[in-house]
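Asker: Sharing a model prediction with you, sequence too.
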Amino acid sequence: MNERRLPPVTQVGMLSLSLIVASAIYLAAHIPQHVPLTPSIALVCASALALAGIMLALSRVDGFAWEAFFAVARWALLAYAVVAGMIEYVFLRNHTSGGPLVLLTLSLVIFALDVTVLISFTVARYAD
Amino acid sequence: MAQASVTIADAPLGPPPHDVPLERPDFQIVPLAGLPIVAAVLALTIAAIAVNDLWPLMFLHVVAGAAWTIIDLFLGFVLGPIMGKLSVPARVEFTTRLMPKMVLIMPTVVAVTLAAGWQLATNMGTNQSGFELHGWVVASFIVVGVMAVIALGLLEPANIAVLTELKKPRPNPEVVERLMKRFIYTAGATGLMQVATFVIMTKLATA
């Protein structure tokens, strides 16, 4: 099987997803006590950087199948935006507010983008 | 049902049917007929969260969680080994019938399990840090978190990608084989982790 050399999108994407999940677990484990936000902020920032890094690396790949990538991405993003929205609603329903809400919302946005990129990349890498 | 002709070369199992056209059923990557059912399940979940009544939350969490667990275990340890022993045409046909359904079922059961589960825990007070078995609850967050990362980061992309590959006029059997292996192995890994979920959830339920 002839494969183009591609950046490690799946590996770094999994890392980004893991960091965001770790941040959410950290916040959820402290409810309803006061949560020191610094570890969560660090995890969210690291996750966002990893996601930005793989998109930057992908943008530099010659001949990458962007058409296939975006064809999948728009539907995957819609699906995972619905999932993320449902989880966000649970937090709002339970009066989560302030810093934890901002961090959880950012986490859900990155989560939806991470999954979208992972699915779209896996399809596009095998596109003709 | 419409049939499409697929040429499978270098098949990994059995006598290689070089350049022998195989029949594969026509299929939708995302079965549109299933979308209203998914929408109804998600709407029910949102309604249950809004009402915050114990029974619907328990029902949705247990049913979706049980479906997630059973599907993972069944795929990883029963269907996976069977699929590995099927002939290539049988495997292609089985894949095109099973995987589109998984595209809808898996994200739905995961989302419902997590959303209803969090609201249920809030209702019962089991996600509060003062709960006597809080350590077990945090352990369940970690197990579910790891399973979600594997399912969403590896399993779901493999599912979509294998279907996209099979939609092509000439699918690459090596790509299909690689993605199917990834799908079955990750389902098996999450199936193993589901055993930890059994331990934690039965402990919490009997607390």
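Answerer: Thanks, I have it. Numbering: from 1, shown residues only, chains lettered A, B, ... in the order given.
Asker: For chain A, give me its nearest residue in chain B.
Answerer: B:P157 (3.6 Å; C-beta to the nearest C-beta). Every C-beta, even on glycine, is put in place using the N, C-alpha and C of the backbone.
Asker: okay but that residue is in contact with A:T122, surely?
Answerer: Yes: if you go by C-beta atoms under 8 Å, B:P157 and A:T122 touch, sitting 3.6 Å apart.
Asker: what sits in contact with each of the two?
Answerer: Common neighbours of B:P157 and A:T122, counting by C-beta atoms under 8 Å, 6 or more residues apart in numbering or on different chains, are A:T10.
Asker: give me the number of residues near B:S140?
Answerer: B:S140 has 22 neighbours, counted by other C-beta atoms under 10 Å in any protein chain shown.
Asker: what helix or strand is it on?
Answerer: The secondary structure element spanning B:S140 is helix B:134-150 (assigned by DSSP states H and E).
Asker: Touching that helix from outside, list them.
Answerer: A:14, A:17-18, A:21-22, A:24-25, A:28-29, B:72, B:110, B:113-114, B:121, B:126-128, B:131, B:186, B:189-190, B:193-194, B:196-197, B:200-201, B:203-204, B:207.
Asker: Report the rounded mean pLDDT for the helix or strand where B:I37 lies.
Answerer: Element membership for B:I37 (DSSP H and E) is helix B:35-51. Averaging pLDDT along helix B:35-51 gives 95.
Asker: Contacts for that helix next, please.
Answerer: Counting by C-beta under 8 Å, 6+ apart, A:82, A:86, A:89-90, A:93, B:56-57, B:59-60, B:104, B:108, B:111-112, B:115-116, B:119 sit against helix B:35-51.
Asker: Looking at the residues you listed, which one is closest to B:I29?
Answerer: B:L104 (10.5 Å; C-beta to C-beta).
Asker: so who does that closest one touch?
Answerer: B:V30, B:P31, B:G34, B:L35, B:I37, B:V38.
Asker: and if we set it to 7 Å?
Answerer: B:V30, B:P31, B:G34, B:V38 (C-beta atoms under 7 Å, 6 or more residues apart in numbering or on different chains).
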